[in-house]
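Novice: here is a sequence with its predicted model. Questions after.
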Amino acid sequence: MLTSTNLLPAAMALATPIWSTFGGANAYAAPIQFEADVGGHVSGNSYSPTKSVNDRLKYIGSLESGWDGHLSAPISKISISNARHVIALVREIAPFEKDPAIVPCADGSLQIEWHLVDSRFEMYFENDGSVGAWWDDRSTGREFEAEGTEAHTLIGHWAVRDAVWPKLILAA
Amino acid sequence: MEPPLIDPLNAALRALRDIQCPAHIQPNENGTAYRVTSGAFIPGTDGSVSIDLEESLLRANLEMTSRYGHLPKTVALVSHTVASYKAQDYKVIHTPIPGNDHHGSATTARKNNALRRAARAMAEQVNYVVPIDPDLAVALGAPPLKHAPKIGSGS
């Protein structure tokens, strides 16, 4: 089980150096344009997974053997549990314009994907509980991959840099 | 009688994959179109991605779309050449199954992030044989596009 002990503190501790490493305030000069359904995501103090995330996870949990053809497996409970936890933790760190895509895979694993204009971040939840992550930073042309604990750190880096809140501060 | 196995496969011909909805499509970053996710190219429990083989269909004088829609939530048919799969370390073989003589398997020894990297490359290289119909996608449960192109707008 992934816990806040290995994701949230890492992200928070890294927030300041990451902020400066990635260009500080100048990196977020453009104010963000909100979609109509964003308000509920960035207001209030409780960032639990949204109804759409929960509905999506429920749907994925209902997939039966053969859902994707020959020898595709139901999605493992540990993958779903870990994904739910990471989504909730990311929402605690920083709000995003939209929920991640939650993608089932034929081997029973699961991946979550934030594909944004400036970056793409994907996190992979394997059946054995292991995790991986990939960050395509389109603003710099750099890509990062990580597994295990380093994947948790990577998502913390990305969330702190690419979340809505620093853009909101600068737009104010 | 079992169909004759095609071996070796012509690397220039295509492997066809049905895309499931809403499992394997998502709106792109601008919400203007759907994209196929890399999850569509993660192997199943036997370590293989299920595909249909153009070479087998051609030998049987069948259209590329003749097997399309055999799964209930199919929203698109995409193709790669066999060579494209090989370039990402997938091995493509002809593996007929009951009810589908044209079935193939794309197997790979890659695991974890190396596998995800290969799957991302495949997702970025898809060629549509049957493109995604946005209305069908929504009907099957995909998130609606937020900025769908206006048909007939003249701009």
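Specialist: Looks like it arrived, so ask away.
Novice: show me what contacts the most centrally placed residue in chain B?
Specialist: Note on chain B: the residue nearest the mean C-alpha position is B:Arg17, at 2.5 Å, using C-alpha atoms, centre = their mean. Listed by C-beta atoms under 8 Å, 6 or more residues apart in numbering or on different chains, the contact partners of B:Arg17 are B:Ala40, B:Phe41, B:Val49, B:Ser50, B:Ile51, B:Asp52, B:Leu77, B:Val78, B:Ser79, B:His80. Backbone N, C-alpha and C define where each C-beta goes, glycine included.
Novice: now these in a markdown table, with neighbour count?
Specialist: Formatted as a markdown table, the contacts of B:Arg17 follow (neighbours: other C-beta atoms under 10 Å in any protein chain shown):
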| residue | neighbour count |
| --- | --- |
| B:Ala40 | 24 |
| B:Phe41 | 30 |
| B:Val49 | 26 |
| B:Ser50 | 24 |
| B:Ile51 | 30 |
| B:Asp52 | 25 |
| B:Leu77 | 22 |
| B:Val78 | 25 |
| B:Ser79 | 20 |
| B:His80 | 24 |
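Novice: so which of the residues you listed belong to strands?
Specialist: B:Val49, B:Ser50, B:Ile51, B:Asp52, B:Leu77, B:Val78, B:Ser79, B:His80 (DSSP state E).
Novice: tell me the one of those residues nearest chain A?
Specialist: B:Ser50 (4.4 Å; C-beta to the nearest C-beta).
Novice: what bridges to the closest one?
Specialist: When assigned by DSSP bridges, B:Ser50 has beta-bridge partners B:Ser105.
Novice: what does B:His80 give?
Specialist: The partner residues for B:His80, given DSSP bridges, come to B:Ala15.
Novice: who in chain A is up against chain B?
Specialist: Within chain A, the positions adjacent to chain B are A:35, A:59-60, A:63, A:67-73, A:101, A:103-109, A:111, A:113, A:115-117, A:120, A:122, A:124, A:126, A:130, A:132, A:134, A:145-147 by C-beta under 8 Å from any C-beta of the partner chain.
Novice: need the buried ones from those residues selected in ChimeraX.
Specialist: Command for ChimeraX that selects the buried part of the residues of chain A next to chain B, burial taken from 16 or more other C-beta atoms under 10 Å in any protein chain shown:
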select /A:60,63,67,68,69,70,71,72,73,101,103,104,105,106,107,108,109,111,113,115,120,122,124,126,130,132,134,145,146,147
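Novice: now the helix or strand containing A:Ser52: buried residues?
Specialist: Assessed by DSSP states H and E, A:Ser52 sits inside helix A:51-61. For helix A:51-61, the buried set under the neighbour-count rule, 16+ other C-beta under 10 Å, comprises A:Val53, A:Arg56, A:Leu57, A:Ile60, A:Gly61.
Novice: likewise stretch B:14-33?
Specialist: So stretch B:14-33, judged by 16+ other C-beta under 10 Å, has buried residues B:14-27, B:29.
Novice: which pLDDT value belongs to residue 42?
Specialist: As the question left the chain open, I've gone with chain A. pLDDT, A:Val42: 31.
Novice: think we crossed wires, I meant chain B
Specialist: 97.
Novice: now the residue lying closest to it once chain neighbours are set aside: how far from B:Ile97?
Specialist: Of all residues not flanking B:Ile42 in the chain, A:Cys105 sits nearest, at 3.8 Å (C-beta to C-beta, 6 or more residues apart in numbering or on different chains). As judged by C-beta to C-beta, to the nearest Å, A:Cys105 and B:Ile97 stand 20 Å apart.
Novice: same thing with A:Ser76?
Specialist: 24 Å.
Novice: more neighbours: which of these two?
Specialist: A:Ser76 (19 against 14; other C-beta atoms under 10 Å in any protein chain shown).
Novice: give me phi/psi at the more buried one?
Specialist: phi -70, psi 150 (degrees, to the nearest 10).
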